[in-house]
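*Asks:* can't give you the sequence, but here's the structure:
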Ligand SMILES: Nc1ncnc2c1ncn2[C@@H]1O[C@H](COP(=O)(O)OP(=O)(O)OP(=O)(O)O)[C@@H](O)[C@H]1O
Ligand SMILES: [Mg+2]
């Protein structure tokens, strides 16, 4: 590993959310009126990178992914460029940009989603094959939504495993996040062969439960703390090279290859005080990735992840809650002082 490497590159899912406030949900075949519309970037790549950009750490940031030759593609590119994120590895695809139409009912706040897979479905290992950059970490997300990476591979079992190995062989540290799916057999088939080539696995407790094949919440809905800590260690035994982080609204658990393991509670706020949870998991990843990049201790790493996620909850979209690193650190210090009082 080249000590001079610096920066974080995120690869994978990118999309646009078109959020419409409608007067009421119409009967099928009837009309609803759109009262207000706004668009926002979504998906792991924009969410993680734009959160990091707003932390103003000075780390080089770069995006790898596919956008269509259309207005949504231009929107994603422009938002990333406005945040000083390097877009030279964004590729134009023949398919439309991936997008979701989100209908928010003014009457009851209920949200309904219409998603078009678009060009994320064509994201494959070739996008990273020629990658030779000085970045230190490549974060790939969301595996289990990138169908080309699930194809079988004669040597590795699955294409994703070969890709992660190639990235490590080039000198990158690799980080992986998943999407929660209700298909345990497919999830394990794709993810387990990949783990030996993952340096940092950062997932939520539902995804961890799927991988280890055990429920990690108790009958009353509370997290099974000992079970989650065991799952983090099990995922290390299954191959993750350096650190496994499992996060949930209640807090984050981590296990490290040197045997250290730890739980750090979230900076809890009541659900009615949350403006929106969109991208909270990605904001958590952004904080953890920065701390890992800087080789912070495990406790400080989880605190920063929790703080980034907590700040994300202040806004309805995935990035506007993000804050500069100084503000996040002041928040963490203030909380630690309160806990000691
Ligand atoms: N009520 C809350 N109070 C404080 N922090 C919270 C709350 N809910 C969520 N968080 C924070 O947000 C983080 C991400 O939430 P969660 O674990 O539900 O992510 P996720 O389901 O993977 O989200 P995503 O869909 O964005 O990937 C949590 O780890 C926690 O730090
Ligand atoms: Mg997540």
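*Replies:* Cool, the structure landed. The structure displayed is predicted, hence computed values, not measured ones. Ligands and ions are numbered 1, 2, ... in the order given.
*Asks:* Give me the distance between the residue of the chain found nearest ligand 2 and residue 249.
*Replies:* Closest contact between the chain and ligand 2, by C-beta to the ion, is at residue 281 (2.9 Å). The C-beta positions use only the backbone N, C-alpha and C, and glycine is treated the same way. Note on residue 281: its distance to residue 249, by C-beta to C-beta, to the nearest Å, is 10 Å.
*Asks:* Between the two, which has more neighbouring residues?
*Replies:* Legend: neighbour count by other C-beta atoms under 10 Å for residue 281 and residue 249, higher for residue 281 (28 against 16).
*Asks:* which residues sit in contact with residue 299?
*Replies:* Counting by C-beta atoms under 8 Å, 6 or more residues apart in numbering, residue 299 makes contact with 262, 264.
*Asks:* and it, that's in a helix?
*Replies:* Yes. Residue 299 sits within a helix when classified using DSSP: H, G, I helix; E, B strand; the rest coil.
*Asks:* picking up where we left off before, A helix includes the residue of the chain closest to ligand 2, no?
*Replies:* Yes. Under the criterion used here (three-state DSSP), residue 281 sits inside a helix.
*Asks:* How about it: what's its closest non-neighbour residue?
*Replies:* Of all residues not flanking residue 281 in the chain, residue 204 sits nearest, at 6.0 Å (C-beta to C-beta, 6 or more residues apart in numbering).
*Asks:* is it true that that neighbour touches residue 251?
*Replies:* No. With contact defined as C-beta atoms under 8 Å, residue 204 does not reach residue 251; the gap is 11.6 Å.
*Asks:* Can you say which helix or strand has residue 162 in it?
*Replies:* For residue 162, the host element (DSSP states H and E) is helix 159-169.
*Asks:* From the rest of the structure, what touches that helix?
*Replies:* With C-beta under 8 Å, 6+ apart, helix 159-169 has contacts from 124-125, 128-129, 131, 138, 140, 143, 146, 148-153, 155-156, 174, 176, 190-191, 193-194, 196-199.
*Asks:* Just the buried residues of these.
*Replies:* With burial judged by 16 or more other C-beta atoms under 10 Å, the buried subset of the contacts of helix 159-169 is 124-125, 128, 131, 138, 140, 143, 146, 148-150, 156, 174, 176, 190-191, 193-194, 197-199.
*Asks:* would you list every one of the helices in the stretch 1-150 of the chain?
*Replies:* 44-54, 71-82, 126-129 (DSSP state H, counting those that start in this stretch).
*Asks:* Spell out which parts of the stretch 151-300 of the chain neighbour ligand 2.
*Replies:* 204, 281 (C-beta under 5 Å from the ion).
*Asks:* any chance you could map the helices in the stretch 151-300 of the chain?
*Replies:* 159-169, 184-191, 205-212, 225-237, 280-293, 298-312.
*Asks:* Quick one: closest of these to residue 243.
*Replies:* Taking C-beta to C-beta, helix 280-293 is the member of those nearest to residue 243, at 6.7 Å.
*Asks:* Could you list every helix and strand in contact with the closest one?
*Replies:* If you count contacts as 3 or more C-beta pairs under 8 Å, 6 or more residues apart in numbering; DSSP states H and E, helix 280-293 packs onto strand 8-12, helix 44-54, strand 137-143, strand 173-178, strand 200-204, strand 243-248, helix 298-312.
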